[in-house]
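K.L.:
Got a sequence here, can you build the structure:
(chains A and B)
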2 protein chains.
Amino acid sequence: VTAQDAHLPPRPRRVGLVIVNTGPGKGKTTAALGLAMRAWGRDMRVCVIQFVKGADRTGEALAARRMGMEWHVTGNGFTWTGDKAEQRRRAVAAWVDAQEKVASGGYDLVVLDEFTYAFEFGWLDVNDVIAWLRIHKPALLHLVITGRSAPPELIGYADLVTEMVEVKHPYRNGISGQPGIEY
Amino acid sequence: VTAQDAHLPPRPRRVGLVIVNTGPGKGKTTAALGLAMRAWGRDMRVCVIQFVKGADRTGEALAARRMGMEWHVTGNGFTWTGDKAEQRRRAVAAWVDAQEKVASGGYDLVVLDEFTYAFEFGWLDVNDVIAWLRIHKPALLHLVITGRSAPPELIGYADLVTEMVEVKHPYRNGISGQPGIEY
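P.N.:
Numbers count the residues shown, from 1 in each chain, chains lettered A, B, ... in the order given. Here you go, the predicted structure:
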């Protein structure tokens, strides 16, 4: 170590972060998309798994297809209505697929979009999921989880947690969700 | 209007939203990237102008280049140190360029990343900027502005404002910014 080196910041230690975007505001999924784009720009291997959502013609899904980014839609719709047992079955099956992706070592970044709803609706047990991740998540894999109301156990496990808070929302002025912005 | 039509949601009115991502937490720029990716996926014409930041080898800039997304870096560095007059000159010049892009009608989405610092540092007057935008921003153009401490005038002008709040941050545990995640 030379005198000059001593003044440089330490070389970053590479770690795989667990990132949670939660809160009632906009931008949870959108910021996860931004991370996926940034990682893709660095030739990292990215996989996005969307829970709950069922639409595969969103702007982001269309973009991912064009970018050659791995993208899975596992839900059966945007809405919270419908067959609860079917939603649960889909979410549990999606988590089994996600476990395979996470444990494979084949990715640098995995996004589990709207995954927190699986805890909220009782489809999965958050302690079981964290216990599994502690054992099987590769040390260098970045894992991004989005959704409202992240449970405290997940916040405790995560490295980076951001809460998106709504300050002002156009729906209040009667403006509907805009294609390319909202979806 | 048939009886069935009456049960459908109204066709969304197309508007160009002014979106502000602010607050002290992570995800302001990242969520703007996600919007850019989503819009790009819908073949919308996107332009990103980064104020302050000077790095053009970030993951997002590399991704934009590969996607053929218009991307401008106008700052002279990541840091807040350095020649203040030069920073001001660059920011003012970048705003002149941004005005041309915004007024041109050639875009569906324009991102002014870290633009709020121009107000914070007194490089631009927020009331002048808003007065100009009220006249010149095309009605259908979506405009995204990011940065900490968005001034109240900007929040008043915007349609959608989200505050990113830090709940937990890995730097506190001595973990540095990770390539592909932080930049």
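K.L.:
CA only for contacts and neighbour counts going forward, please
P.N.:
OK.
K.L.:
Confirm that A:Ile145 sits in a strand.
P.N.:
Yes - applying DSSP: H, G, I helix; E, B strand; the rest coil, one finds A:Ile145 inside a strand.
K.L.:
State the distance from it to B:Val129.
P.N.:
The gap separating A:Ile145 from B:Val129 is 37 Å, by C-alpha to C-alpha, to the nearest Å.
K.L.:
so where is chain A shaky, pLDDT-wise?
P.N.:
Applying pLDDT under 70 to chain A picks out residues A:1-12, A:77-82, A:172.
K.L.:
same thing but at 90, please
P.N.:
Low-confidence segments of chain A (pLDDT under 90): A:1-14, A:52-56, A:75-88, A:168-177.
K.L.:
In chain A, where's the longest helix?
P.N.:
helix A:84-104 (DSSP state H).
K.L.:
next SSE after it?
P.N.:
Note on helix A:84-104: by DSSP states H and E, the next helix or strand toward the C-terminus is strand A:109-113.
K.L.:
on contacts alone, who are the packing partners of the helix or strand following that following strand?
P.N.:
Following strand A:109-113 in sequence order, the next helix or strand is helix A:116-120 (DSSP H and E). For helix A:116-120, there is no helix or strand it packs on, judged by 3 or more C-alpha pairs under 8 Å, 6 or more residues apart in numbering or on different chains; DSSP states H and E.
K.L.:
Mind listing residues that contact helix A:116-120?
P.N.:
Outside helix A:116-120, the residues that touch it by C-alpha atoms under 8 Å, 6 or more residues apart in numbering or on different chains are A:52, A:88, A:91, A:124-126, A:145-151.
K.L.:
switch the cut-off to 6 Å
P.N.:
A:124, A:126, A:147, A:150 (C-alpha atoms under 6 Å, 6 or more residues apart in numbering or on different chains).
K.L.:
Next, the closest residue to the third one other than its chain neighbours: phi, psi?
P.N.:
Right, the one you point to is A:Gly147. The shortest distance from A:Gly147 to any non-neighbouring residue, by C-alpha to C-alpha, 6 or more residues apart in numbering or on different chains, is to A:Glu114 (4.3 Å). Dihedral angles phi and psi of A:Glu114 (degrees, to the nearest 10) take the values phi 60, psi 30.
K.L.:
Could you verify my assumption that A:Glu114 touches A:Thr146?
P.N.:
Yes - here A:Glu114 reaches A:Thr146: they are 4.9 Å apart, a contact under C-alpha atoms under 6 Å.
K.L.:
Please identify which of those two sits among more neighbours.
P.N.:
The residue with more neighbours, out of A:Glu114 and A:Thr146, is A:Thr146; 28 against 21, by other C-alpha atoms under 10 Å in any protein chain shown.
K.L.:
what sits opposite that one in the beta ladder?
P.N.:
As for beta bridges, A:Thr146 partners with A:Asn21 under DSSP bridges.
K.L.:
From A:Leu154, how far off is A:Phe51?
P.N.:
Relative to A:Leu154, and taking C-alpha to C-alpha, A:Phe51 is found at 17 Å.
K.L.:
neighbour count winner among these two?
P.N.:
Per other C-alpha under 10 Å, whichever of A:Phe51 and A:Leu154 has more neighbours is A:Phe51, with 27 against 20.
K.L.:
so who does that one touch?
P.N.:
Contacts for A:Phe51 (C-alpha under 6 Å, 6+ apart) come out as A:74-75, A:113-115.
K.L.:
out of these, which one sits closest to chain B?
P.N.:
A:Asp113 (13.2 Å; C-alpha to the nearest C-alpha).
K.L.:
burial of the closest one, as a residue count?
P.N.:
For A:Asp113, using other C-alpha under 10 Å, the count is 25.
K.L.:
From what I see, it and A:Val52 are in contact.
P.N.:
No - A:Asp113 lies out of contact with A:Val52 (C-alpha under 6 Å); the separation is 8.5 Å.
K.L.:
how about the residues of chain A near chain B?
P.N.:
Selection of chain A residues close to chain B by C-alpha under 6 Å from any C-alpha of the partner chain yields A:12, A:27, A:30-31, A:33-35, A:38-39, A:41-42, A:59-60, A:62-63, A:159-170, A:176, A:180-181.
K.L.:
among these, which are in helices?
P.N.:
Using DSSP H, the residues of chain A next to chain B in helices are A:30-31, A:33-35, A:38-39, A:41, A:59-60, A:62-63.
K.L.:
With distance to B:Ser104 and neighbour count added, can I get these in a markdown table?
P.N.:
Shown next, in a markdown table, are those (distance: C-alpha to C-alpha, whole Å; neighbours: other C-alpha atoms under 10 Å in any protein chain shown):
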| residue | distance to B:Ser104 | neighbour count |
| --- | --- | --- |
| A:Thr30 | 27 | 28 |
| A:Ala31 | 28 | 25 |
| A:Leu33 | 28 | 27 |
| A:Gly34 | 26 | 26 |
| A:Leu35 | 30 | 28 |
| A:Arg38 | 28 | 27 |
| A:Ala39 | 32 | 26 |
| A:Gly41 | 28 | 21 |
| A:Gly59 | 24 | 24 |
| A:Glu60 | 26 | 26 |
| A:Leu62 | 27 | 19 |
| A:Ala63 | 25 | 22 |
